[in-house]
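Peer 1: Need a 3D model of the sequence below.
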Amino acid sequence: MTRAPRHLQTGLSLVELMIAVTLSIVLVFGLVQVFAASRASYVMAQGMARAQEGGRFAVEYLQRDARMVGHMGCVNDQSHLMSSLPSFGQLFLTDRANFESLPARTYTNALRFDFALRGYEAKGTGPGDTLSLGATPVAGAPDGDWTEALPSLLRTGAGEPAPVKGSDLVLIRSLSAESAQVSSLTVSADGSEATILVDGTGWASMKRNGVQPGLLAIADCRGATTFHVDSVREPGGGANVTLTVIAGGGKSELNRSAFNLRDSIDPTLMQIRVYRADSLAYYVGVSGTEATPALYRMRFTAAPGANAIQRDIEELVPGVETLQLLYGQDNSAKQTPAGVPSGYIDAQVTASDILPNATGREGWQRVGSLKLGMMIRSNDPAMAAQRSEAPSVLGVKVGAPDDQRYRGVYETNVALRNRLFGN
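Peer 2: Numbers count the residues shown, from 1 in each chain. This is a model prediction of the structure:
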């Protein structure tokens, strides 16, 4: 009997091929999902890290400068300005009794060192209000988007980052933390000229990025006087530095009055020091080229012998979308606005609610704390889902666009330590 030849199977059957293809598709799909999830997790982590990093830097910058509010050397601004005989003077003034009699120069309001703190509240951004953020930040109108029109020194020009609508601004003026010991002070008989000899090592610490400061103050425990220095002679090597001040209109033309009896400070008591007079402003701005929000700082300076105030705007932290500020005010503002501060903070109010009014110096001198809040976004989309409930920044509900960016809220309360009761 002859057997039929056996034929061995070669290749794959259709069923086997379909099963193999199906398994391959499932495997590839699983790998794609794993990589997609890993990428989403990485992008989210990066966005969160950038926002948190920005939040730390932004809070640090604002805290450091806010803590200097009221610093006028040995004694704070409340003691110098609220006594029956004020012991704070400015050579910038034509009339030493009128703090508004400043020289007719651009940005000279930056020299209002009688206003250590001054805020500007964005309309519709008080506690309980709702703020809607657009996909692209919008520059505010200086005359209409804040409860009080912005002063000229806070108005930006072409090519400069303009303040964003819906965000607060704050001006801070104080004497620097760095100072130099005065060893000699010689004032002419008519008060029109002074020569100040200061410690070279201390003077070196007062420089910012190696630049000689021109706006200065001389202070001890009895008084303080701000002025613009005409010339600086620095031998180097830690030797004493000689400052020459021409009062009543020198080369700089920023000093408009002479030294008087209230500026008489005795260097032999070894209490007198020279400080840098700092004038700053913080705000959230938008760049005209990239339309990206960021925290900016304005710095107002004048080089020795210069005849004008210079304004420098620097970007500090990108991604800051809104800045909200509340001010802790002394309760004596409700009772005796012209009296001595009690040091007891009983109200957190917006800039427009400062008592007795938002434009006078008396109310701002009773601010003892500053509460600040910011919303910061990641620079790029971070696969973040839209929140079901709008986040709150110091009581302001903020509606953000659904652009997949990670957003975080950062808040802190800063005690103005130079105005703590008893200082």
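Peer 1: Following element in sequence after the biggest helix by length in the chain, please.
Peer 2: If you go by DSSP state H, the chain has its longest helix at helix 14-66. For helix 14-66, the following helix or strand on the C-terminal side (DSSP states H and E) is helix 77-81.
Peer 1: Can you show me the CA trace of that next one as PDB?
Peer 2: The C-alpha trace of helix 77-81 is given here as PDB (Å, rounded to 0.1, in the frame of the first residue of the first chain):
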ATOM      1  CA  ASP A  77      10.300 107.500  59.400                       C
ATOM      2  CA  GLN A  78       7.300 107.700  61.800                       C
ATOM      3  CA  SER A  79       9.600 109.200  64.500                       C
ATOM      4  CA  HIS A  80      11.200 111.600  62.000                       C
ATOM      5  CA  LEU A  81       8.100 112.800  60.300                       C
END
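Peer 1: could you give me the average pLDDT of the helix or strand that it is followed by?
Peer 2: Going down the chain from helix 77-81, the next helix or strand is strand 88-90, by DSSP H and E. The average pLDDT for strand 88-90 rounds to 87.
Peer 1: What is the burial count for Val15?
Peer 2: Neighbour count for Val15, taken as other C-beta atoms under 10 Å: 8. Using the backbone N, CA and C atoms, a C-beta is placed for each residue, glycine as well.
Peer 1: whoops, I mixed them up, Ile19
Peer 2: Based on other C-beta under 10 Å, the number of other residues close to Ile19 is 12.
Peer 1: how about Leu153, secondary structure?
Peer 2: helix (DSSP: H, G, I helix; E, B strand; the rest coil).
Peer 1: For Gln310, see how far away it is.
Peer 2: Leu153 sits at a distance of 12 Å from Gln310 (criterion: C-beta to C-beta, to the nearest Å).
Peer 1: Settle it for me: which of those two has more neighbours?
Peer 2: Leu153 (19 against 14).
Peer 1: name the element the residue nearest to the spatial centre of the chain belongs to?
Peer 2: Nearest to the mean C-alpha position of the chain, by C-alpha atoms, centre = their mean, lies Tyr282 at 3.3 Å. In the assignment (DSSP H and E), Tyr282 maps to strand 273-286.
Peer 1: who's in contact with Leu326?
Peer 2: Contact analysis of Leu326 by C-beta atoms under 8 Å, 6 or more residues apart in numbering lists 127, 348-350, 370-372, 394.
Peer 1: ok, the residues you listed vs Glu53, which is closest?
Peer 2: Leu372 (17.6 Å; C-beta to C-beta).
Peer 1: Packing partners of the lengthiest strand in the chain?
Peer 2: Longest strand in the chain, counting residues (DSSP state E): strand 169-187. Applying 3 or more C-beta pairs under 8 Å, 6 or more residues apart in numbering; DSSP states H and E, we find strand 169-187 packed against helix 14-66, strand 117-120, strand 193-198, helix 200-206, strand 215-219, strand 273-286.
Peer 1: I'd like the mean pLDDT over the fourth one, please.
Peer 2: It stands for helix 200-206. pLDDT averaged over helix 200-206 gives 92.
Peer 1: From the chain's centroid, how far away is that helix?
Peer 2: Put simply, helix 200-206 sits 24 Å off its chain's centre (C-alpha atoms, centre = their mean, to the nearest Å).
Peer 1: can you give me the helices for the stretch 201-350 of the chain?
Peer 2: Here the stretch 201-350 of the chain has its helices, by DSSP state H, counting those that start in this stretch, at 332-335.
Peer 1: Find the residues that touch each one of Leu153 and Gln310.
Peer 2: Joint contacts of Leu153 and Gln310 (C-beta under 8 Å, 6+ apart) are 107, 300.
Peer 1: dump the residue contacts of the closest residue to Thr350 other than its chain neighbours.
Peer 2: Spatially, and ignoring its direct neighbours in sequence, Thr350 is nearest to Glu121 (4.6 Å; C-beta to C-beta, 6 or more residues apart in numbering). Contact partners of Glu121, counting by C-beta under 8 Å, 6+ apart, are 146-148, 168, 325, 350-352, 358.
Peer 1: pLDDT score assigned to Glu121?
Peer 2: Confidence score, pLDDT, at Glu121: 97.
Peer 1: what does Asn209 give?
Peer 2: pLDDT for Asn209: 75.
Peer 1: tell me the contacts of it?
Peer 2: Per C-beta under 8 Å, 6+ apart, neighbours of Asn209: none.
Peer 1: name the element Pro142 belongs to?
Peer 2: With DSSP H and E as the criterion, the answer for Pro142 is that it lies in no helix or strand.
Peer 1: start at 40 instead
Peer 2: Will do, 40 is the new start, and the previous item becomes Pro181.
Peer 1: wait, what's in contact with the residue nearest to it when sequence neighbours are not counted?
Peer 2: Closest residue to Pro181 apart from its sequence neighbours, by C-beta to C-beta, 6+ apart: Leu189 at 4.2 Å. Leu189 makes contact with 159, 181-182, 202, 208, according to C-beta under 8 Å, 6+ apart.
Peer 1: Give me the mean pLDDT for the longest helix of the chain.
Peer 2: 84.
Peer 1: Who are the packing partners of that helix?
Peer 2: strand 208-226, strand 312-325, strand 332-340, strand 349-357, strand 406-416, strand 446-454.
Peer 1: what helices or strands is the fourth one leaning on?
Peer 2: I take that to be strand 349-357. Checking 3+ C-beta pairs under 8 Å, 6+ apart, strand 349-357 ends up next to helix 53-105, strand 332-340.
Peer 1: Now do that strand and helix 53-105, the angle between them.
Peer 2: 140 degrees (axes from the mean of the first three to the mean of the last three C-alpha atoms, to 10 degrees).
Peer 1: before we move on, what about the fifth one?
Peer 2: Using the same axes, to 10 degrees, the direction of strand 406-416 lies 160 degrees away from that of helix 53-105.
Peer 1: circling back: wait, doesn't the residue nearest to the centre of the chain sit right on Pro202?
Peer 2: No. Taking contacts as C-beta atoms under 8 Å, Tyr321 lies outside contact range of Pro202: 10.4 Å.
Peer 1: No further questions, thank you.
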